[in-house]
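Enquirer: One predicted model, sequence on top.
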Amino acid sequence: MAHQLFPGPLVVCMHGTHPDMLHLCFRTAGDCGLAGLGTLESHLLIKPLRSPIQHLIPNPALRHVVCCHPFGSTCVRDGLTKYPCMQGRPCMLNLPAFLALQEIVAWMGWTPWKITYASKYFDLLHNYAIQLIKVGKAYVCHQSKAEIEEYREKGLPSPWRERSVQENLKIFDDMRKGLYKEGEAILRMKMDYKNENPNMWDSVAYRIKYVEHPMAGDKWCIYPSYDFTHCLCDAIEDITHSLCTLEFESRRASYYWLLDVLDTYKPVVWEYSRLNITNTVLSKRKLNKLVTDNHVHGWDDPRLLTLAGLRRRGVAPESINAFCREIGITRNANVIPYHKLEHHVRAYLDASSPRTLAVLRPLRVVLTNVPEHHSSTVTAASMPGRPENQPYEVPFSRVVYIEATDFRLQDSKDYYGLAPGKSAMLRYAYPITVTGYSASDDGTITEVQAEADLDFIAGGGKKPPKGVLNWVAQPAPGQDPERAEVRLYDVLFKSEAPDALGDAWLDDINKESLEIVQGAMINPHLAANAKVRN
């Protein structure tokens, strides 16, 4: 039978590997951007259809967020986007995770139109299973998982493959009534066990599971598999384009086999390449391994390219969306350099983030020409050179702190920090010139003595030093600035392609990917804002 094209609105579905569906539907025309989608955009535009609805499966990893981003293509036709997440078996449904998913999708700026679950179709799916049995294309099997694998490897059919239709209907009904234990019986599709494609080796359609379903309650004790549920839900919801990554290309045969046998509407299946980014892993299995084995501190660890991790790191959704639009969607294998993501992160932060003054590893500087009890303020800029700038006051006193790395004993032409006899500018304040320093017995610099040019006026005609330093002063004489813990993050893996290391990929973890700096000093303006947020 030729594949049908639904003559109504364009509906696109992206699928993954879970056993039921949560659908988040989006009106994409105003809710997302569109740029650089390349091959996918061209593929959708050639269809003589209108008012697109797109059907996507979300995942916490950035790989899957980027793969889902073709929902932006529906902006071309002012339509809807659907997000499915498979959760047919109750043990596979994690409601807190789904709620978190909805929340993070909203954070990304994607506004749901409606939410539906594939468990809504359990009755219809059960009827399809009965229809499949009646046409002789499904049978009840009593093999264990190990036995099924053994028979498949040997190219042998199940011993129960030739059961009569009536017997299969009777036993399947008994399964539905709870007369069999878990694992004693399964419903399998009667496909082609000799086919060279393993996805055609009589896949499982229904399993027994005596667990209450969070959505369907205790109505069912048999639950449909992903292979059975996914294509049928696509057909039920009139999906026109079912999108998935290239590793699922071999599933096309089983996808269309079931729809052909049941004589239902058939979506168009289109595969695209997965996203790979250097110095990280993006597969769900490996991310789960990192989290459960405590290599990282949860799914929102800032070193992970999960949406929760990126958000906790301070990445804006605008940066992620811009990154997605730039790299586009294609069937070509790709590995995106990490710095491309960082470029979009920095570009957005540069344009939108207020600046403040802080020092990570403070070095005490005593301004010897400033009176001991002197206390004043200077004006700093939150957004230098921008209309959004909100000036704020920072204290200035005899004792200030600079970064320890901004002082060295040996000067050089390409160095703009402080050295004995050298000058540098305290940002927004005054030039200072080193007059001396103190060191411990091991040679560590403990204090720098300097003089401040208190008569300096910015723009007053006197040329300032080239070097400009961040600093924090004592807010009052003898009172230390506020302290803070600072966490510095680097890439999680040392090599660009940890996936290529096989089973040794965990050995490539960068042990210095997280550095915790205790005792950083921050100015009162930043400290006050932090306390308000907390």
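Expert: Everything's here; your move. Numbering: from 1, shown residues only.
Enquirer: Send me the biggest helix by length in the chain as CSV with only the CA atoms.
Expert: Looking across the chain with DSSP state H, the single longest helix is helix 338-352. Extracted in CSV, the C-alpha atoms of helix 338-352 (Å, rounded to 0.1, in the frame of the first residue of the first chain):
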residue,chain,number,x,y,z
TYR,A,338,32.3,23.8,22.5
HIS,A,339,33.4,27.4,21.8
LYS,A,340,30.4,27.9,19.4
LEU,A,341,28.0,27.4,22.3
GLU,A,342,30.2,29.6,24.5
HIS,A,343,30.2,32.3,21.8
HIS,A,344,26.4,32.7,22.0
VAL,A,345,26.5,32.6,25.8
ARG,A,346,29.1,35.3,26.0
ALA,A,347,27.4,37.4,23.3
TYR,A,348,24.1,37.5,25.2
LEU,A,349,25.7,38.1,28.6
ASP,A,350,27.9,40.9,27.2
ALA,A,351,24.8,42.7,26.0
SER,A,352,22.6,42.1,29.0
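Enquirer: For that helix, name the packing helices and strands.
Expert: Other elements packing on helix 338-352 under the criterion 3 or more CB pairs under 8 Å, 6 or more residues apart in numbering; DSSP states H and E are helix 317-327. Where C-beta positions appear, they are placed from N, C-alpha and C, glycine not excepted.
Enquirer: mind exporting the helix it packs on as PDB, just the C-alpha atoms?
Expert: Presented in PDB, the C-alpha positions along helix 317-327 are these (Å, rounded to 0.1, in the frame of the first residue of the first chain):
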ATOM      1  CA  PRO A 317      17.600  30.600  27.000                       C
ATOM      2  CA  GLU A 318      18.200  33.300  24.300                       C
ATOM      3  CA  SER A 319      21.800  31.900  24.000                       C
ATOM      4  CA  ILE A 320      20.600  28.300  23.700                       C
ATOM      5  CA  ASN A 321      18.000  29.200  21.100                       C
ATOM      6  CA  ALA A 322      20.500  31.300  19.100                       C
ATOM      7  CA  PHE A 323      23.000  28.400  19.200                       C
ATOM      8  CA  CYS A 324      20.300  26.000  17.900                       C
ATOM      9  CA  ARG A 325      19.400  28.300  15.100                       C
ATOM     10  CA  GLU A 326      23.000  28.700  14.000                       C
ATOM     11  CA  ILE A 327      23.900  25.000  13.800                       C
END
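Enquirer: So for it, mean pLDDT?
Expert: For helix 317-327, mean pLDDT rounds to 90.
Enquirer: now swap in stretch 331-351 and tell me
Expert: pLDDT averaged over stretch 331-351 gives 92.
Enquirer: heads up, I number from 38, so please use that
Expert: Sure, I'll start numbering at 38, so the last one becomes stretch 368-388.
Enquirer: neighbouring contacts of it?
Expert: Residues from elsewhere that reach stretch 368-388 (CB atoms under 8 Å, 6 or more residues apart in numbering): 76, 99, 283, 308-310, 312-317, 342, 351-353, 355-357, 359-360, 363-364, 528, 533-534.
Enquirer: Quick check: buried residues in that stretch?
Expert: Buried residues in stretch 368-388, defined by neighbour count with 16 or more other CB atoms under 10 Å: 368, 375, 378, 381, 382, 385.
Enquirer: Then stretch 222-230?
Expert: 222, 223, 224, 225, 226, 227, 228, 230.
Enquirer: Can you give me the end-to-end span of it?
Expert: Taking CA to CA, to the nearest Å, stretch 222-230 runs 19 Å from one end to the other.
Enquirer: And it, how far out from the chain middle?
Expert: 36 Å (CA atoms, centre = their mean, to the nearest Å).
Enquirer: For stretch 249-260, measure first residue to last.
Expert: 11 Å.
Enquirer: what mean pLDDT would you report for it?
Expert: Mean predicted confidence for stretch 249-260 is 87.
Enquirer: ok, back up a step: show me the buried residues of stretch 222-230 that map onto strands.
Expert: 223, 224, 225, 226 (DSSP state E).
Enquirer: The third one and residue 237 touch, don't they?
Expert: The one in question is residue 225. No. Under the criterion of CB atoms under 8 Å, residue 225 is not in contact with residue 237, lying 11.8 Å apart.
Enquirer: Show me where the stretch 88-237 of the chain has its helices.
Expert: Remark: helices assigned in the stretch 88-237 of the chain by DSSP state H, counting those that start in this stretch are 99-105, 132-144, 159-171, 182-191, 202-214.
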